[in-house]
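**Student:** Just a sequence and a predicted model for now, questions to come.
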Amino acid sequence: MTDQNKKARRTDYQAIFKKAYQLMDEPIIAGNCGELCGYHCCRRIDTDGKRLGMYLLPLEYEYMQAEVVTDYDLHCQQQYKLPPKIKKSYYIYCHLAEGCLRDYRPIQCRTYPFEPHHENGEFSLVIEKEQMHSCVLLKCRSEWRQTFIDGVYQGWLELMKIPIIKYNINYFSKERIAANNIMIQYHAKGDATDGILHTEFFKCK
């Protein structure tokens, strides 16, 4: 692959990330959900005293977070269980002095409590049974905004255009199926005949 082709691919990937960030920029409920739990997910120290952070998606650091993230660990295959094709993963920590840089928050912050799931050629959003955080949002699903759900769904479809991210989604989907770790699953039905996907979600489980 020539340098010009590599540069074009980098530009395309960054465009995909930017579009996904934009689609996933809707709040899950009206108002600031962090006020419900005292910003529980934004802690830098867990209850056991260990540093607490979050993983970025493959290529998310390179294309969206490199100029923003100031504190991270680089997790490698030799030390951590990562999907075989992913040799390293960025584990970042929230800003301490500046607090949440909301405009730059990573995908995990934008899409929780949903996880992307791909099974039998069908994409869906799932909520896992095993939750690291006892999030109060899980108890008030009736308050979730439809624009949030639509944005997360469409954003993941964008990100799946990047092969390594689709591979990552498929890998963890298989693990989730094997562990029977799906509490709720959101499927989408849409009519795209006019070029716009009108999404109607229905839940199972």
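**Tutor:** It's in.
**Student:** now the strands: where do they sit in the protein?
**Tutor:** Taking DSSP state E to define them, one finds strands in the chain at 54-55, 72-76, 88-92, 115-119, 122-127, 184-191, 198-204.
**Student:** and the next helix or strand after the first one, what other elements does it pack with?
**Tutor:** Next along the chain after strand 54-55, taking DSSP states H and E as the criterion, comes helix 60. Contact here means 3 or more Cβ pairs under 8 Å, 6 or more residues apart in numbering; DSSP states H and E; on that basis helix 60 packs against no helix or strand. Every residue, glycine included, has its C-beta placed from N, CA and C.
**Student:** Contacts for helix 60 next, please.
**Tutor:** 17, 90, 106-107 (Cβ atoms under 8 Å, 6 or more residues apart in numbering).
**Student:** what's the answer for stretch 125-133, then?
**Tutor:** For stretch 125-133, using Cβ under 8 Å, 6+ apart, the contacting residues are 40-41, 113-117, 138, 149, 152-153, 156, 176, 179-186.
**Student:** Would you list the buried entries among the residues you listed?
**Tutor:** Buried members of the contacts of stretch 125-133, counted by 16 or more other Cβ atoms under 10 Å: 41, 113-117, 149, 152-153, 156, 176, 182, 184, 186.
**Student:** Just name the closest of those residues to residue 12, please.
**Tutor:** Using Cβ to Cβ, residue 156 is the member of the buried ones among the contacts of stretch 125-133 that lies nearest residue 12, at 17.3 Å.
**Student:** Tell me the one of the buried ones among the contacts of stretch 125-133 nearest residue 64?
**Tutor:** So of these, ranked by how close each gets to residue 64 (Cβ to Cβ), first place is residue 156, at 15.2 Å.
**Student:** Could you export the buried ones among the contacts of stretch 125-133 as a markdown table, including pLDDT and distance to residue 69?
**Tutor:** Below are those laid out as a markdown table (pLDDT from 0 to 100; distance: Cβ to Cβ, whole Å):
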| residue | pLDDT | distance to residue 69 |
| --- | --- | --- |
| 41 | 72 | 16 |
| 113 | 92 | 23 |
| 114 | 95 | 23 |
| 115 | 95 | 22 |
| 116 | 97 | 22 |
| 117 | 97 | 27 |
| 149 | 93 | 27 |
| 152 | 96 | 22 |
| 153 | 95 | 26 |
| 156 | 97 | 22 |
| 176 | 96 | 27 |
| 182 | 93 | 31 |
| 184 | 90 | 31 |
| 186 | 91 | 30 |
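**Student:** any chance of those residues in TSV, with distance to residue 101 too?
**Tutor:** Shown next, in TSV, are those (distance: Cβ to Cβ, whole Å):
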residue	distance to residue 101
41	14
113	21
114	22
115	23
116	23
117	28
149	24
152	20
153	25
156	22
176	30
182	32
184	30
186	28
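**Student:** for those residues, which one is nearest residue 77?
**Tutor:** Distances from residue 77 to those, taken as Cβ to Cβ, are shortest for residue 176 (20.9 Å).
**Student:** Now that closest one: closest residue in space, sequence neighbours ignored.
**Tutor:** residue 182 (6.1 Å; Cβ to Cβ, 6 or more residues apart in numbering).
**Student:** what do you get for residue 28?
**Tutor:** residue 148 (4.7 Å).
**Student:** Thanks again, I'm all set now.
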